[in-house]
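**Q** sequence and predicted structure are below.
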Amino acid sequence: MTQLYAIRAYGGEWDDSWEQVRFITDDEAKGQAYVDKMTALSERLREVQKELGTFHTEWQLANPAPKCRDAKHITVPKWDSKVTVTIEMRAERTRIEELNRADYQDAMKPYYDRCTASRLADEAKKATYSEEIQRGLANRDDDTFWDIGPVEWLE
């Protein structure tokens, strides 16, 4: 009977550890070549993650967080159980809540804009890498390790 080999991917630590047989082959050399290729890719992805982390940190330092103004807060009316609440009273409370929400969003706009710019800069940096690297980053293959081993037969 032909000897078969399992190509296994695994990763994580402790509670989030995982492993999966990805392929079975009868050609050990071909399987080992695939494992070597994927191991090299995983190592490259770990390097890329470090590069992206450094890029992100440098971008954050070059573009410090803006000072946001304090939002004005109008006290929202609350009623005790003895008050009969009318539709107009509820409408006024809803209007005040909307004013508070809109002013808060306006006060935080510089911060939100910086967050958007940071995300776009990170995405632009990722786009400079090959499709294989981008796919590996999306799949979190930087946390994947590979090996090959013989498959035991049940007789």
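**A** Now that the structure is in, tell me what you want to look at.
**Q** in the protein, which residue is most central in space?
**A** Among the residues of the chain, the smallest C-alpha distance to the mean C-alpha position (CA atoms, centre = their mean) belongs to residue 138, namely 8.5 Å.
**Q** contact partners for that residue?
**A** Residue 138 sits next to no residue when contact means CB atoms under 8 Å, 6 or more residues apart in numbering. From N, CA and C alone the C-beta is placed, and that goes for glycine too.
**Q** per-residue pLDDT of it, please?
**A** Reading off the per-residue confidence, residue 138 sits at a pLDDT of 91.
**Q** now the phi/psi pair for it, please.
**A** The phi and psi values for residue 138, taken as degrees, to the nearest 10, are phi -60, psi -40.
**Q** any low-confidence regions in this structure?
**A** 1 (pLDDT under 70).
**Q** what about residue 141, how many neighbours?
**A** Other residues near residue 141 come to 21 when the count uses other CB atoms under 10 Å.
**Q** ok now do it, which residues does it touch?
**A** Here residue 141 is in contact with 38, 41, 42, 45 (CB under 8 Å, 6+ apart).
**Q** wait, which of the residues you listed is closest to residue 91?
**A** residue 45 (55.0 Å; CB to CB).
**Q** burial of residue 21, as a residue count?
**A** Taking other CB under 10 Å as the criterion, the count of residues near residue 21 is 12.
**Q** quick check: which element contains the residue of the chain most remote from its centre?
**A** Taking CA atoms, centre = their mean, the residue of the chain most remote from its mean C-alpha position is residue 82, at 49.7 Å. Secondary structure assigned from DSSP states H and E places residue 82 in neither a helix nor a strand.
**Q** what do you get for the one 10 residues further on?
**A** Counting by DSSP H and E, the secondary-structure element that holds residue 92 is helix 87-126.
**Q** swap in residue 85?
**A** Per DSSP H and E, there is no helix or strand for residue 85.
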